[in-house]
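> here is a sequence with its predicted model. Questions after.
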Amino acid sequence: MNPILEQLRKPIVAALAGGIAGLALGLLWGWVIQPVEWVDAAPDILRSDYQEDYLRMAIDSFSVNGDPDLAFQRWQLLGENAQLRLDEIKASPNGQDQAAINTFSLLMDAVGGSVPIPSATPGATDNAPASRSPYLKYGIIVVGVLAVLAVVFFAFRLLRPLSKPGGSSTPAMQAQKLSQQAEHTNFETLGLATPVTQSMTTYVLGDDLYDESFSIDSQAGEFMGEYGVGISETIGVGDPKKVTAIEVWLFDKNDIKTATKVLMTEHAYNDPAIRQRLEAKGELVLVEPQKQIVLETDTLQLLATIADMEYGTGPLPPSSYLERLTLELAVWPKEG
């Protein structure tokens, strides 16, 4: 059972299993446990031989009670098949009184019964089912199955980014796990005040949409600003993107300018062309393990610590792009 449970923990497998189980249970309920029951259905949906039996009984009844209104009402319930069934009875009485058949036929012709108007069952059936194609129920089943398959397909498309072939996690999931495992700094032991907010964020190669932001709120719940990180510059071509610079920013609601610093790989930091492109974004900083970077605004101060980092290896120049980068971000209000 353990291998089965392990497979069911995968989002894609769980979605497919849920779709199949839902389809099976739905069919079991609709066909076996609580199947459709027809109530007060009109004779026009009966099989042809049963329609003939019904009309023969209507003819016999008319020969006994002589009620033309009731006879015509029963005739109408056969819909467009009424005249065809009557012609079959006239051609083959099968022991039924021919005079009664002829009298009934003349009555129907006299009141316009040769082109009957379908009506509901007497007394209670304005909503009686109309004549249906024998393939209608199969069409409904096919549509239902297609609908279930469509739901499963879109669930698969939605959940597919959460996992990779072979069950390995995506770069975003790996980054989240690394951030959770990273140890937060206890600033009180360092003689500093407790920050109003403290976060860990990790970039992992392959997370091409890396962009995180966090809100800054006072202890009273007052909004003070925001801070975050994102990809600033890439190098080379192809997928995944090779990130050579990441920017850290701090927004203060009391300051008209957002403070930004750009963390650069060794290769990018020493490349004049790259430096020239990034200087407009903010102060350029070389990425180094355990390095601390300070951003300040009018009323806020952010300390970014490079908790962990690793360069990527490949055909690009050495130390030119990041394989992994974990930052600890802590924010304090400025005194006074």
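That came through, no problem. The structure presented is a predicted model; accordingly, all values stated were derived computationally and were not measured.

> which residues of the stretch 151-300 of the chain fall in strands?
Per DSSP state E, counting those that start in this stretch, the stretch 151-300 of the chain carries strands over the ranges 197-204, 211-217, 223-235, 242-252, 259-264, 283-286, 292-296, 300-311.

> tell me which residues in the longest one are buried?
If you call a residue buried by 16 or more other C-beta atoms under 10 Å, then strand 223-235 has these buried ones: Met224, Gly225, Glu226, Tyr227, Gly228, Val229, Ile231, Ser232, Glu233, Ile235. Any C-beta I mention is one placed from the backbone N, CA and C, and that applies to glycine too.

> of all the strands of the stretch 151-300 of the chain, which one comes closest to Gly79?
Taking C-beta to C-beta, strand 211-217 is the member of the strands of the stretch 151-300 of the chain nearest to Gly79, at 66.2 Å.

> now the angle between strand 197-204 and the closest one, please.
With axes from the mean of the first three to the mean of the last three C-alpha atoms, to 10 degrees as the basis, strand 211-217 and strand 197-204 are set at 180 degrees to each other.

> low pLDDT regions in the stretch 1-150 of the chain?
Across the stretch 1-150 of the chain, the ranges flagged by pLDDT under 70 are 1-10, 112-135, 137.

> sorry, back to before: just the buried residues of strand 223-235 now: which is nearest Arg275?
Checking those one by one against Arg275 (C-beta to C-beta), the nearest turns out to be Glu233, at 10.2 Å.

> can you list phi and psi of the residue of the chain most remote from its centre for me?
Ranked by distance from the centre of the chain (C-alpha atoms, centre = their mean), the top residue is Ala99, with 68.3 Å. When read as degrees, to the nearest 10, the backbone of Ala99 gives phi -60, psi -40.

> export the buried residues of strand 223-235 as TSV, with columns for distance to Pro93.
Listed next are the buried residues of strand 223-235 as TSV, based on distance: C-beta to C-beta, whole Å:
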residue	distance to Pro93
Met224	98
Gly225	97
Glu226	92
Tyr227	96
Gly228	92
Val229	93
Ile231	90
Ser232	96
Glu233	96
Ile235	96
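
> from those, which is closest to Val145?
Closest approach between those and Val145, by C-beta to C-beta: Ile231, at 44.3 Å.

> hang on, that closest one packs against Leu205?
No: in this structure Ile231 lies outside contact range of Leu205 using C-beta atoms under 8 Å: 11.4 Å.

> ok, back up a step: for Phe62, see how far away the residue farthest from the centre of the chain is.
Per C-beta to C-beta, to the nearest Å, Ala99 is found 12 Å from Phe62.

> cool, Trp249 as well?
92 Å.

> neighbouring contacts of the lengthiest helix in the chain?
Determined from DSSP state H, the single longest helix within the chain is helix 136-159. Here helix 136-159 makes contact (C-beta atoms under 8 Å, 6 or more residues apart in numbering) with Pro11, Ile12, Ala15, Leu16, Gly19, Ile20, Gly22, Leu23, Gly26.
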